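Undergrad: okay, structure incoming, though there's no sequence with it:
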């Protein structure tokens with residue numbers, strides 16, 4: 001029998017007593033509602049249902065960013081993929097919207113359009129099962145990236161995952177998915193062999209490259225269904241040794257730092273074993289008045305980063321140099337995105353990002369952006385906990401898949417930049433100012449890029465961008481997405497995360 005969270009019922013009753021027929025509570029006025037009971041009876045013994053007022057509901061619905069968040073009246077925690085089917089059919093019967101919860105790190109403001117529906121939290125669908133031939137693994141839809149990495153590593157295997165430990169494995173994959181190993185193998189989505197997916201009408205299907213829907217899953221997948229599991233390619237560990245050098249520079253060194261960074265990119269031929277990342281952030285111990293530049297040079301297959309790559313940066317005069325050596329499993333901790341790192345905590349903050357893809361670092365534009373950013377987040381600014389992120393992954397494996405191979409449109413871009421404007425929630429005026437700052441910063445970079453198309457990584461998107469900016473502006477791309485949407489989700493059930501229309 002399903003576990004209905006009875007301890008929440010008193011709180012629910014108080015919440016809805018004034019207007020039980022109101023749209024906010026339709027179909028959920030009582031544990032005795034026959035449709036709720038029917039849903040419970042259809043679920044597996046390990047499934048759970050949470051109502052508002054319970055600690056479990058609060059934990060399941062509290063998001064990493066609290067700007068324009070979805071609102072649900074009930075959370076179903078499936079114990080099996082068939083529980084997902086039952087929940088979707090229940091929501092459709094009640095004419096309620098539904099939304100999958102899988103790490104709650106999606107911060108796109110389009111999620112705020114989800115109002116008064118059913119949350120489907122996939123946390124119990126967490127598993128990693130390696131096939132007997134050692135070439136693939138089946139991964140549950142609720143599995144987190146760290147679980148995938150650690151499980152495979154213990155078996156002498158690895159695959160491309162998102163870089164941040166506290167996000168789900170599949171969330172990034174459905175938007176393409178950047179990762180440390182992409183220079184060798186491509187995006188997270190490029191590794192997928194097949195998927196189990198619940199469609200808008202509650203149908204459960206297995207799809208692979210023979211399905212017309214497969215093209216869309218790898219880049220615009222949030223729009224087409226609930227992926228309950230995937231089978232993905234895995235690989236023998238090629239390099240157990242990894243090394244990083246973390247360098248901190250004062251802002252006046254910006255031009256020299258990013259000219260040296262352009263040399264690392266080597267006109268798009270950056271080694272698949274080499275990654276450069278950087279953050280602009282306030283660290284008062286190094287500079288009490290201006291953001292500093294924290295620059296990472298990461299190399300696999302070594303115990304110390306090759307001086308060929310680090311020496312040009314040493315010559316610039318960093319405030320600090322910190323070399324470290326370890327394994328692939330240390331990368332998230334080194335770069336501040338481990339489970340225990342501050343960016344992974346759901347601390348009740350607003351965390352909008354404003355991403356843009358680039359080909360190279362335009363040094364003059366970076367100076368303008370830095371000065372604008374420093375003014376916006378300096379001193380006692382309410383935005384002083386913000387970051388400006390620059391991710392310079394190797395791209396050989398991504399480009400090798402071909403520009404038309406999936407709905408992910410920006411395989412030829414070499415850099416991903418994104419201001420992350422962090423602040424405590426207050427009012428619409430503060431939200432608008434954060435949006436103004438974030439959009440101004442990426443507009444500066446776009447104007448200097450020489451690119452007509454404004455390319456945005458949908459997994460980082462703010463929400464005011466267009467489908468063309470998320471999924472590519474080519475007419476054939478948009479036509480293909482629209483055709484698939486009309487075929488598989490004509491009623492727009494999956495239209496809350498970066499909708500294609």
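TA: That came in fine, so what should we check first? Nothing here was measured: the structure is a model prediction, and the numbers come from that model. Numbers count the residues shown, from 1 in each chain.
Undergrad: how about the helices of the stretch 301-450 of the chain, start to end?
TA: 307-314, 331-334, 363-377, 396-399, 428-447 (DSSP state H, counting those that start in this stretch).
Undergrad: in this structure, which helix or strand is least confident?
TA: helix 9-16 (a mean of 32; mean pLDDT, DSSP states H and E).
Undergrad: can you list the helices of the stretch 301-450 of the chain in CSV and add mean neighbour count, distance to residue 353 and mean pLDDT?
TA: Where C-beta positions appear, they are placed from N, C-alpha and C, glycine not excepted. Formatted as CSV, the helices of the stretch 301-450 of the chain follow (neighbours: other Cβ atoms under 10 Å; distance: least, Cβ to Cβ, whole Å; pLDDT from 0 to 100):
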stretch, mean neighbour count, distance to residue 353, mean pLDDT
helix 307-314, 14, 26, 98
helix 331-334, 20, 18, 97
helix 363-377, 18, 14, 98
helix 396-399, 19, 20, 96
helix 428-447, 17, 7, 98
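Undergrad: can you tell which of those helices is closest to residue 236?
TA: Among the helices of the stretch 301-450 of the chain, helix 396-399 comes nearest to residue 236, with 16.0 Å by Cβ to Cβ.
Undergrad: list the helices and strands that closest one packs on?
TA: helix 182-185 (3 or more Cβ pairs under 8 Å, 6 or more residues apart in numbering; DSSP states H and E).
Undergrad: contacts for the helix it packs on, please.
TA: Identification of contacts with helix 182-185 by Cβ atoms under 8 Å, 6 or more residues apart in numbering yields 159-160, 188, 191, 233, 235, 238, 270-275, 393-398.
Undergrad: now swap in stretch 57-70 and tell me
TA: 5, 8, 50-51, 72, 75, 77, 99, 101, 104-107, 109-115, 117, 119, 121, 123, 346, 348-352, 425, 431, 463, 496.
Undergrad: give me the ChimeraX select line for those, limited to the buried ones.
TA: The ChimeraX selection below is limited to those of those classed as buried (16 or more other Cβ atoms under 10 Å):
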select :5,8,50,51,72,75,77,99,101,104,105,106,107,109,110,111,113,114,117,119,121,123,349,350,351,352,431,463,496
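Undergrad: among the contacts of stretch 57-70, which lie within helices?
TA: Secondary structure from DSSP state H places residue 431 of those in helices.
Undergrad: can you tell me which of the contacts of helix 182-185 are in strands?
TA: Members of the contacts of helix 182-185 lying in strands (criterion: DSSP state E): 233, 235, 274, 275.
Undergrad: name the member of those residues with the most neighbours.
TA: residue 275 (26 neighbours; other Cβ atoms under 10 Å).
Undergrad: how far does stretch 42-49 sit from the chain's center?
TA: 28 Å (Cα atoms, centre = their mean, to the nearest Å).
Undergrad: stretch 185-199 now?
TA: Going by Cα atoms, centre = their mean, where stretch 185-199 is centred and where its chain is centred differ by 15 Å.
Undergrad: so who does residue 320 touch?
TA: Contacts of residue 320 by Cβ under 8 Å, 6+ apart are 246, 247, 248, 286.
Undergrad: and these as a markdown table, adding pLDDT, secondary structure and distance to residue 210?
TA: A markdown table is the format used below for the contacts of residue 320 (pLDDT from 0 to 100; DSSP: H, G, I helix; E, B strand; the rest coil; distance: Cβ to Cβ, whole Å):
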| residue | pLDDT | secondary structure | distance to residue 210 |
| --- | --- | --- | --- |
| 246 | 98 | strand | 46 |
| 247 | 98 | strand | 48 |
| 248 | 98 | strand | 51 |
| 286 | 98 | coil | 55 |
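Undergrad: quick one: which two of the ones in strands among the contacts of helix 182-185 are the most distant?
TA: Top of the distance list for these (Cβ to Cβ): 233 and 274, 22.6 Å.
Undergrad: show me where the stretch 51-200 of the chain has its helices.
TA: So, for the stretch 51-200 of the chain - with DSSP H, counting those that start in this stretch - the helices run 55-61, 81-94, 145-154, 170-174, 182-185.
Undergrad: what's the most buried one of the ones you listed?
TA: helix 170-174 (a mean of 30; mean count of other Cβ atoms under 10 Å).
Undergrad: out of the helices of the stretch 301-450 of the chain, nearest to residue 471?
TA: Of the helices of the stretch 301-450 of the chain, the one closest to residue 471 (Cβ to Cβ) turns out to be helix 396-399, at 16.1 Å.
Undergrad: list of residues touching the closest one?
TA: Against helix 396-399 from outside (Cβ under 8 Å, 6+ apart): 181, 182, 183, 184, 185, 186, 187, 190, 269, 272, 411, 412.
Undergrad: now do stretch 466-485
TA: By Cβ under 8 Å, 6+ apart, stretch 466-485 touches 212-213, 215-216, 219-220, 223-224, 407, 409-410, 453-456, 458, 461, 492, 498-501.
Undergrad: filter those residues to the buried ones?
TA: 213, 215-216, 219-220, 223-224, 407, 409-410, 453-456, 458, 461, 498-500.
Undergrad: can you pull out the strands in the stretch 351-500 of the chain?
TA: Secondary structure of the stretch 351-500 of the chain, counting by DSSP state E, counting those that start in this stretch: strands at 356-358, 387-392, 415-420.
Undergrad: tell me the SS of residue 217?
TA: Of the three states, residue 217 takes helix according to DSSP: H, G, I helix; E, B strand; the rest coil.
Undergrad: count the neighbours of residue 477 for me.
TA: Residue 477, neighbours per other Cβ under 10 Å, totals 21.
Undergrad: typo on my end, it should be residue 68
TA: Residue 68, neighbours per other Cβ under 10 Å, totals 17.
Undergrad: so how far is residue 464 from it?
TA: 11 Å (Cβ to Cβ, to the nearest Å).
Undergrad: joint contacts of these two?
TA: Common neighbours of residue 68 and residue 464 (Cβ under 8 Å, 6+ apart) are residue 109.
Undergrad: circling back: taking the contacts of stretch 466-485 one by one, which sit in helices?
TA: 215, 216, 219, 220.
Undergrad: tell me the pLDDT of the first one.
TA: Note on residue 215: pLDDT of 98.
Undergrad: I figured it was touching residue 408, is that so?
TA: No. Look at residue 215 against residue 408 with Cβ atoms under 8 Å: they stay out of range, at 10.0 Å.
Undergrad: got any ranges where the stretch 51-200 of the chain has weak pLDDT?
TA: Applying pLDDT under 70 to the stretch 51-200 of the chain flags no residue at all.
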